[in-house]
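K.L.:
Turn this into a model:
(one chain, ligands or ions: 1)
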Amino acid sequence: MKSNAGVYVHIPYCLSKCSYCDFVSSRIDNTFEEYINLLEQEIYLWKSKSSINVDVDTIFFGGGTPSLLSPVQLDRILSRIVKTFAITNNCEISIESNPDTLNIEKLKDYKKIGINRISIGVQTLDDSILKEMNRRHSATQAIRSVLDAYNAGFTNINCDFILGLPSETRATIDNNIKAISELPITHVSTYFLTLSPNVPLSKRLQNNDIMLPTENSTIINWETMVNKLKDMGFTHYEISNYAKKNMECRHNLHYWNLDQWFGIGIASTGNLLTEDKNLKTLKRYTNFKKFSEYKESVKNGLLPEETFELVNGVKKVNEECMLGLRLINEGIPYSFVKNEYKVEHLLENGYIKFINDSIENNYEKHAQEKRIGLTEKGVLVSNQVISSLFID
Ligand code: SF4
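P.N.:
The predicted structure follows:
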């Protein structure tokens with residue numbers, strides 16, 4: 001039977017670098033147009049892989065800043081995807097964007113060529129913090145982009161926010177929440193600021209040029225945001241994601257459900273079943289990160305895979321456990337986790353709960369039929385909770 005899969009296309013270019021960013025992206029240069037040609041060629045290379053029998057039901061342009069692509073460039077890549085893979089009628093086609101690269105005409109053209117979901121990098125609606133983060137847009141521009149997207153016909157609009165930013169206060173969060181309540185946003189992603197040591201913001205912190213809010217106030221701000229989003233009708237469906245009814249990101253659900261997806265472009269990762277279908281072994285590959293190596297491979301007619309690993313056995317079970325627990329309302333079967341002592345401890349301390357269970361205090365008796373999931377307390381320490389449930 002055919003299964004559904006996603007296609008991820010990486011656009012590793014930005015207009016400038018944000019001060020906290022450690023993603024694979026570089027300043028846009030004269031390789032940009034050539035890269036788009038290479039993407040088309042890479043996609044075409046999949047055409048000969050007839051053994052991969054899937055229907056593509058999500059396509060995601062991520063970055064970097066994919067909204068640097070003109071509608072014509074985007075259409076070229078999309079057309080190549082459509083000619084190469086079997087695409088479902090209701091395919092979700094998403095693009096990540098930054099407000100300074102959007103305008104109403106471009107958004108209307110994106111809509112015309114088939115993009116039906118837009119993700120806008122808002123991060124915060126405080127102009128001084130945006131400046132500190134070296135973001136290229138203002139709060140007003142971010143709000144304008146959401147309205148432009150809506151007026152261009154987008155009904156599936158995500159906004160990304162970061163929590164724990166320098167100088168963030170309760171007023172910053174209240175302002176963000178107020179804007180979300182007033183705008184036609186159907187999906188919200190919130191991430192805690194995490195900094196690798198080599199980004200400019202880390203250096204400024206080390207020099208005491210800026211201060212981060214305390215962990216305690218960030219947690220309170222997060223709890224406020226979670227509760228307010230719920231009041232507005234968003235479901236907290238994944239550790240960092242909230243959606244109005246039926247507006248979950250179907251592409252990201254492929255990742256969390258450990259489904260199959262193709263990774264296209266520099267540094268992209270793909271996840272595909274091997275021939276060994278009975279054992280359901282997945283092959284996870286990562287493309288070359290250097291432009292020159294990526295280009296050479298594609299030009300030679302070879303998929304630009306730099307490394308790969310096989311995901312099966314205990315490794316796969318642990319991944320299913322980790323990813324399943326990220327999905328707040330789905331969780332994982334209780335029987336999936338072997339160390340009952342650890343589960344009991346986490347249940348008793350309120351880090352996990354039985355999902356849809358009215359008999360939480362009687363879990364041992366009903367253990368076999370039950371699923372467990374993170375509580376809100378558990379979400380805050382999800383890495384520790386999830387890793388403690390791994391099978392050794
Ligand atoms: S726009 Fe996104 S990918 Fe580009 S530098 Fe900023 S945070 Fe990084």
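K.L.:
Get me the contact residues on this protein for the ligand.
P.N.:
By Cβ under 6 Å from any ligand atom, the residues of the chain that approach the ligand are C14, K17, C18, C21, F23, S25, G63, G64, T65, N98. Yep, even glycine has a C-beta here, placed from its N, CA and C like the rest.
K.L.:
was I right about T224 contacting N175?
P.N.:
No - counting by Cβ atoms under 8 Å, N175 is not a contact partner of T224; they are 11.9 Å apart.
K.L.:
element containing T172?
P.N.:
For T172, the host element (DSSP states H and E) is helix 170-182.
K.L.:
and the longest strand that the chain contains, average pLDDT?
P.N.:
Longest strand of the chain, by residue count under DSSP state E: strand 86-97. In this model, strand 86-97 has a mean pLDDT of 97.
K.L.:
before we move on, what about stretch 49-60?
P.N.:
On average, stretch 49-60 scores 86.
K.L.:
just stretch 195-211 next, same as before
P.N.:
For stretch 195-211, the mean per-residue pLDDT is 93.
K.L.:
Not counting its neighbours along the chain, what's nearest F60?
P.N.:
Among residues not flanking F60 along the chain, H251 sits closest, at 4.3 Å (Cβ to Cβ, 6 or more residues apart in numbering).
K.L.:
Only alpha carbons, please: show the helix or strand following the helix holding T172 as PDB.
P.N.:
Downstream of helix 170-182, the next assigned helix or strand under DSSP H and E is strand 187-192. Taking Å, rounded to 0.1, in the frame of the first residue of the first chain, the C-alpha atoms of strand 187-192 are listed here in PDB:
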ATOM      1  CA  HIS A 187      -1.300  28.500  14.100                       C
ATOM      2  CA  VAL A 188       1.400  29.700  16.600                       C
ATOM      3  CA  SER A 189       4.800  28.200  17.200                       C
ATOM      4  CA  THR A 190       6.700  29.300  20.300                       C
ATOM      5  CA  TYR A 191      10.300  28.500  21.000                       C
ATOM      6  CA  PHE A 192      12.500  29.200  23.900                       C
END
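K.L.:
How about the following helix or strand past strand 187-192, which residues are buried there?
P.N.:
Per DSSP H and E, strand 187-192 leads on to helix 200-206 as the next helix or strand towards the C-terminus. Of all the residues in helix 200-206, those buried under the rule 16 or more other Cβ atoms under 10 Å are L201, L205.
K.L.:
What is the next helix or strand after helix 200-206 packed up against?
P.N.:
Under the assignment DSSP H and E, the closest C-terminal helix or strand after helix 200-206 is helix 215-231. With contacts taken as 3 or more Cβ pairs under 8 Å, 6 or more residues apart in numbering; DSSP states H and E, helix 215-231 sits against strand 157-163, helix 170-182, strand 187-192, strand 235-238, helix 376-380.
K.L.:
Could I get the pLDDT score of E369?
P.N.:
pLDDT, E369: 60.
K.L.:
Check F288 too.
P.N.:
The per-residue pLDDT of F288 was computed as 98.
K.L.:
need the contact list for it.
P.N.:
Going by Cβ atoms under 8 Å, 6 or more residues apart in numbering, F288 touches I266, A267, Y294, S297, P304, E305, E306.
K.L.:
Any chance of a ChimeraX selection covering the buried ones in these?
P.N.:
Selection of the buried residues among the contacts of F288 in ChimeraX, burial being defined by 16+ other Cβ under 10 Å:
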select :266,267,294,297,304
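K.L.:
Out of the contacts of F288, flag the one nearest to the ligand.
P.N.:
Nearest to the ligand, judged by Cβ to the nearest ligand atom, of those is A267 at 11.8 Å.
K.L.:
about what we covered before: pick the most buried one from the helices and strands packed on helix 215-231.
P.N.:
Among these, strand 157-163 has the highest mean neighbour count (mean count of other Cβ atoms under 10 Å), at a mean of 22.
K.L.:
so what secondary structure elements neighbour it?
P.N.:
Strand 157-163 is packed against strand 117-123, helix 139-151, helix 170-182, strand 187-192, helix 215-231, with contacts defined by 3+ Cβ pairs under 8 Å, 6+ apart.
K.L.:
Report the angle between it and strand 86-97.
P.N.:
Orientation check (axes from the mean of the first three to the mean of the last three Cα atoms, to 10 degrees): strand 157-163 against strand 86-97 gives 50 degrees.
K.L.:
can you list contacts of strand 157-163?
P.N.:
Identification of contacts with strand 157-163 by Cβ under 8 Å, 6+ apart yields 20, 94, 117-124, 142, 146, 149-150, 173, 176, 180, 183-193, 218, 221-222, 225, 249.
K.L.:
Find the helix or strand that the residue most central in space within the chain is a member of.
P.N.:
Central residue of the chain (Cα atoms, centre = their mean): N252, 5.8 Å from the mean position. Under the criterion of DSSP H and E, N252 resides in helix 250-256.
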